[in-house]
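Chemist: Task: produce atomic coordinates for the following.
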Amino acid sequence: MGCIKVLRFLLKRKIIVGLFITFIFGLGFYGVTNLDKELFPSVTFNQTLIVIETEEMPAEDVEQFVTIPVEHILESTKGVDSYESTTSTNDTFFIVELENDNSNDVTKEIENEINGLTNELHGVKNVTVMQASTDGQYELFMDISGGTLQEMSEFALDVVKPRLEALKEVNEVAISGLEEKEITITLEPKQLETYEITQEDIISTIEQTNTNASIGSLKNEKGDPTLRWNTTFSNINDMKAIPIQTNEGMKKLSDFATVKEEISEQTNVAWKNGDPEFLLLQIGRSNDFTQIDMAEAVRAEVEKIEQEHDNHLQMDEIAAQADYVTSAIDGVTSNILIGGIIAIIVLLLFLRSFRATFIIGLSIPASVLLAVITMTFLDYSFNLLSLVGLGLGIGMLVDASIVVLESIFKKKEEGYSNVEAVISGTKEVVGAVISSMLTTIVVFIPIVLLDDEIGKMMIVLTVVIAVTLISSVVVAFTLIPVLSENFLKARPKKVGKLNLIGKYGSTIKWLTKKKRRRIGVISLFIVLFFSSFLLLAKIPMTVMPDILNRYAEVIVELEPGVSTDDRAEIALQMNELLEEIPDVDNNVILDNAGVFVALINMTPEEEKTMEQHEINDQILERFRALEAEFPIKSVGTSMEGTINPPIGLRVSGDNFTTLQAIAKDVAEELEKLDHIKSVTVQTGESADEFLIELNEKNMNDDNITAPYLYMNISHMFADTPIGEMVIDGNSVPILVKNDRNIHEKQELLDNKIMTVDGEKKLSNYISLKEASSQLQIDRSNGERYISITADSEGHDLGAMNREINKIMQDLEIDQGYAVSVTGDLEEQQKAAQDLVIIFAISLFLVFVVMAIQFNSLKHPIIILFIIPLSITGVLIGLFISQKELNIMSGIGVIMLVGIVLNNGILLIDRVRQLRNNGLDVNEALVNAGKERIRPIFMTTLTTVGGMLPLALATGTSSDYQSPLAVVIISGLLFSTFITLILIPAIYLLFEDIGNGMKRIFRRKKSDGETIKQVKAQ
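Modeler: Numbers count the residues shown, from 1 in each chain. Model (predicted):
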C-alpha cells in the first residue's frame, strides 16, 4: 500500500515531518494575522435589480410605456430565469432571477439592452442596473448634531466630508439633511399680463443670459486662442437687472418678479430619537479594504477632527458593521479555543497519558493552521461562515488522529515493537479513516445546490470544513505516527478486568444468541424513530436566524403618495413606540423614498432585561399596530433592503376582478385563524385624479398647440429649474416659481394663457374629467397579481405552513387562476424541499464511496441504516433546547450524515477485517465492538466537546452557530448509541436473511436432485 511505503520513509526521515510542521505553524500564524475579517464573505448572487425612474407619470402609463417593454427584453434574454416588477407613479422596480451560469454577463447584457432602449421609452429619466451581492454600499453610519443647520452643514461639507473621503479606506461619504440654498424667482402674474409677456419668455431670456460657452477660435492668433462667452450671474443683483423685452420696451426682471436667496424647503430624511435636527453621514469603504479597516481609519480621523475643531458640535456613531464583524469573530474564535481545550480534556480522561494527549493536542493547531494556509491560497477571509466551519471542524479534526493513535497504542499494548506498532496500527485503520473523510466531504458537496443566495454563502462553509478534514487526515498520517514511534509509551494490556468494554462485549454476545433479541432491538429503534416526529409541532421553525446582537433593522414600507407631513408624523410615532420598550437604547429612522428603515440599538448584553428575540417581537408588533391609523403597507425585518412578510400569498390570473374576488375569499379564510393578524389584500391602491381633455376645435381656431398648453399648465403647479449660480464656490440652483395658488378645479379653468388674440381662459381649451388611477401595479413574469400578507402571533412557520396549505387545498378556484405561497413561508417551503433533495443526494454519494471502499453493497446498506434513525436524536435535542429548525440546523442534519457514518465505518471495517482473518460473524462482531468502542467514544466526545461552546454560545452569530451545533451534538450522541447497538443487530439480521436464502436455495437444489433421481428410477 502506497500510504504505508510513505510512512516507512517518514519514520526514517523524521526531520521532513519536523520541517513540515514548522512550516505549517510559521505560515499558518502569518495567515491568521493577515486574512481579512468581514461579517460575510463577498458573494455576488444570481439576481439583478433594475430601477427605472420616469418623469411625472401615473403607474398605468409607466406600466405601458416602460415596464412592459422592459419585460420583452427580459423574455428574450438568454439566462433570465424569472422576474418580478413593482410599477409605481414615476418609477418601476424589477427583481430578475438569473440562471447559475454567466450571471455577470447576463446582467451586463440586460443593462446594455435597456440603455439602448432608453431613447425609445417614453419619459425615462434614469436607469440603474446592478447585481445583488453581500457588499452594502454603506457600512458605517454617523451623525452630526448640537448646532444650527447652517453650522452643521458647513462643518460637514468643509471639514468632515473632505477629510474622510481623503482616507484610502473610504470610497464615499453621503450626507443627508444638509441646509441647501436656492435662488427663487417668483413671477407676478398681474405684471406679466400688464406687459403682455409670458413665463416662457422670462425663462428663455434668463437661460440665454446665464451662459458660459466657447463659441469659436482665432486660428491666426498666437496659440489659437478660443473665444469664450461668459455672462453667468455672480450675484442676485445681476439677476434682478436682466433686461426683458416687453411691449413697452426694455424692463428689468425685478419689474416682473421677486428675486431672492433662501433656504430650500427641507424634507426630513432621518430622525434621531425623533429629532430631525441632525446630519446623517453614510460611509462606504473602498475596494480591497475590510469593514474593520475602514472603521479604524474613520474613527482615528474623527478623533483628530474633534481635537482640531473645538466647537460645540457632536459627532456620534449610529451603527458600524465592523463592530458586528469583530464581535462575531471574537465570539466564534473564543468558542473554537474553548472547544479545543474541552477536546483535549476528554482525550486526557480517556487516554490517561499526557504523552498521548500531547500528540493529539498538537494535531489540533497543526490541522487548523494547515486549513488557514489553504484558506489564504483560496483568498478566503475570516467571516461568520468560515469561522463556524473551523469551529465545527475542531471536534471532527481530531477523529482521524484519535483513530490512528488508538490503533498504534493498542498494538504497543499487545507487545509490538515501536516501528511495527506504528506500521501495523496505521495500516489497520487507513482504509476506514480515508473512507470516513471522503464520506464526510461528499456529504457537504450537495449543499451548494441550495437556493442561489443561501447556496453561494454555504459553499464557503462547505469548503472550509472539507479543507479542515483533509488537513486533519494529512496530519494524522504524518505527525501522529512519527511522534508515536518513540514518544508514545504503552504498558502491556491487562486481561480479565471486567470494565465498560467487557460489559459492551457481553451485550453484543447477548444479541448473537437469539434472533428475536436483535429483531426486538431493531423494532424498538424504529418505533422510537417514528414517535420522535411528534416533537416537530413543539419545535420552533424559521427560515434564517437573526445574526445581529443587541441591534435590529426594521423596514416600514409606506403606501404610495404619502405626504411629507404624514411621513414625519409616522416617524415620530415610531420613535414614541420604541421609547416604550425598556431595552431599546436609541434609534435612527431613515426615510428612503417610500420606505422607512429603523436602525435600533439596544442596551448592552450585561444590562439587558429581555432577550433580543423578545425585543424584536415587541418592535414588530407595535409598528404593525400603526397600520390601522397610518398609510403603512407592511412591516418586516431587514435583509439587504428587502421586506419578508411572515405570511405571503399571491393570487395570479388574467381578470383583475376575478383576482380581487379570489383574494377576498383567501383573506377571509386566513382571518378565521386566531393566531394570524393584520391580513391585508394588496389590490393596488388607487388615487383620484382629473383627466385633462382637450377641446381641439378651439385650439385649432386660436392656433394653440398641445405642448403649449402642457407647458403653461405645468408651470402653474411646479417650480421650473433654469440653471445654477455659483456663490462662495458652491453651486446654487435657480428656480422660477409662480405665485398663483390653485387649489380647486374652477381656479385652474379660470386661469388665463396668452394667445394671438390676447389672454383667454383655460376653460376654452380644456375640460376636467373625474377618474382614478392605480398607484402601484405588481407583475410576475409578465402577469399581474394581487398579494395577500399577514402576520403571525404565537405560532411558528411550520404550524402556519400546514394550516395555510389546508386552506389552499379547500379553495375552489377557476381554471387559469392560482394561489401560491410567498414571503417567509415560501422560503421555508423551498428550503425544506432543497434540504430533502440535498439529503437524498448526500446519502447516495456516501453510499457510492462506501461501496467502493468495502467492495460490497451489504456493508454500506447496514451503515446507512443509522442515518434516518439519527434524526430522532436531532429532534430530541432541538425540542429540549428549543433551538430553531432553520436553514442552519438543516445544514447541520446534512453535516451529521458525514459525521455519524465515521463510527459505523470504523466498526464495520474492523468486522470485515476480522472475518477475513477467519473469525465467524459472532466473534468478529464482539471483538470488533470491544476494539472500537474506545475510539468511537473518544471521537464522539471530542466532537461533542469541541462543539459544546458553539451550542451554548450567546451574542453575535450565536443564532447561526447554536442550532447547527445542537443538531450535531444531539444527533451524534444518539447515533453513537445506535452504532454500538443497532449496527450489530442489523448486521446479524442481514446474516440471518443471507443464511435463510442459502437454506432455501439449498433446499430447492436438494429437491431438484431428488426429483431427478426419481425420474431416473
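Chemist: next one: phi and psi at Glu113?
Modeler: phi -60, psi -40 (degrees, to the nearest 10).
Chemist: Tell me how many other residues surround it.
Modeler: Residues within reach of Glu113, counting by other C-beta atoms under 10 Å, total 16. No exception for glycine: its C-beta is placed from N, CA and C like everyone else's.
Chemist: isn't it right up against Val80?
Modeler: No - assessed by C-beta atoms under 8 Å, Glu113 is found out of contact with Val80, at 10.9 Å.
Chemist: count of neighbours near Thr720?
Modeler: Residues lying near Thr720 (other C-beta under 10 Å) number 17.
Chemist: hey, C-alpha coordinates of stretch 716-736 in CSV?
Modeler: This file holds the C-alpha atoms of stretch 716-736, laid out as CSV (Å, rounded to 0.1, in the frame of the first residue of the first chain):
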residue,chain,number,x,y,z
MET,A,716,-48.7,76.7,-12.7
PHE,A,717,-48.0,73.8,-10.4
ALA,A,718,-44.3,73.1,-10.5
ASP,A,719,-41.2,75.1,-9.9
THR,A,720,-39.0,75.2,-13.0
PRO,A,721,-35.2,74.8,-12.6
ILE,A,722,-33.4,77.0,-15.1
GLY,A,723,-29.7,76.6,-14.2
GLU,A,724,-27.3,77.4,-11.4
MET,A,725,-25.4,80.3,-9.9
VAL,A,726,-22.0,79.9,-8.1
ILE,A,727,-22.0,81.7,-4.7
ASP,A,728,-18.9,81.4,-2.5
GLY,A,729,-17.7,78.4,-4.5
ASN,A,730,-21.0,76.5,-4.2
SER,A,731,-23.5,75.9,-6.9
VAL,A,732,-26.9,77.2,-6.0
PRO,A,733,-29.9,76.1,-8.2
ILE,A,734,-32.1,78.8,-9.8
LEU,A,735,-35.9,78.1,-9.7
VAL,A,736,-38.8,80.0,-11.3
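Chemist: What are the contacting residues of whatever helix or strand Asp61 lives in?
Modeler: Using DSSP states H and E, Asp61 sits in helix 59-62. Contact with helix 59-62 is made by 54, 87-92, 122-123, 560, 773-777, as judged by C-beta atoms under 8 Å, 6 or more residues apart in numbering.
Chemist: ok, so of those, who is nearest Gln245?
Modeler: Comparing those against Gln245 with C-beta to C-beta places Gly123 closest, at 33.4 Å.
Chemist: Excluding chain neighbours, give the residue nearest to the closest one in space.
Modeler: Once flanking residues are discounted, Gly123 sits nearest to Glu55: 4.0 Å by C-beta to C-beta, 6 or more residues apart in numbering.
Chemist: Isn't the one you found up against Lys125?
Modeler: Yes - contact criterion C-beta under 8 Å: Glu55 and Lys125 qualify, at 6.0 Å.
Chemist: Just the buried ones among the contacts of helix 59-62, please.
Modeler: 54, 87-92, 560, 773-777 (16 or more other C-beta atoms under 10 Å).
Chemist: Include secondary structure when you put the residues you listed into JSON lines, please.
Modeler: As requested, the buried ones among the contacts of helix 59-62 are arranged in JSON lines below (DSSP: H, G, I helix; E, B strand; the rest coil):
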{"residue": "Thr54", "secondary structure": "strand"}
{"residue": "Thr87", "secondary structure": "strand"}
{"residue": "Ser88", "secondary structure": "strand"}
{"residue": "Thr89", "secondary structure": "coil"}
{"residue": "Asn90", "secondary structure": "coil"}
{"residue": "Asp91", "secondary structure": "strand"}
{"residue": "Thr92", "secondary structure": "strand"}
{"residue": "Pro560", "secondary structure": "coil"}
{"residue": "Ser773", "secondary structure": "strand"}
{"residue": "Gln774", "secondary structure": "strand"}
{"residue": "Leu775", "secondary structure": "coil"}
{"residue": "Gln776", "secondary structure": "strand"}
{"residue": "Ile777", "secondary structure": "strand"}
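Chemist: and which of these is nearest to Met457?
Modeler: Among the buried ones among the contacts of helix 59-62, Thr92 lies closest to Met457 (C-beta to C-beta), at 29.2 Å.
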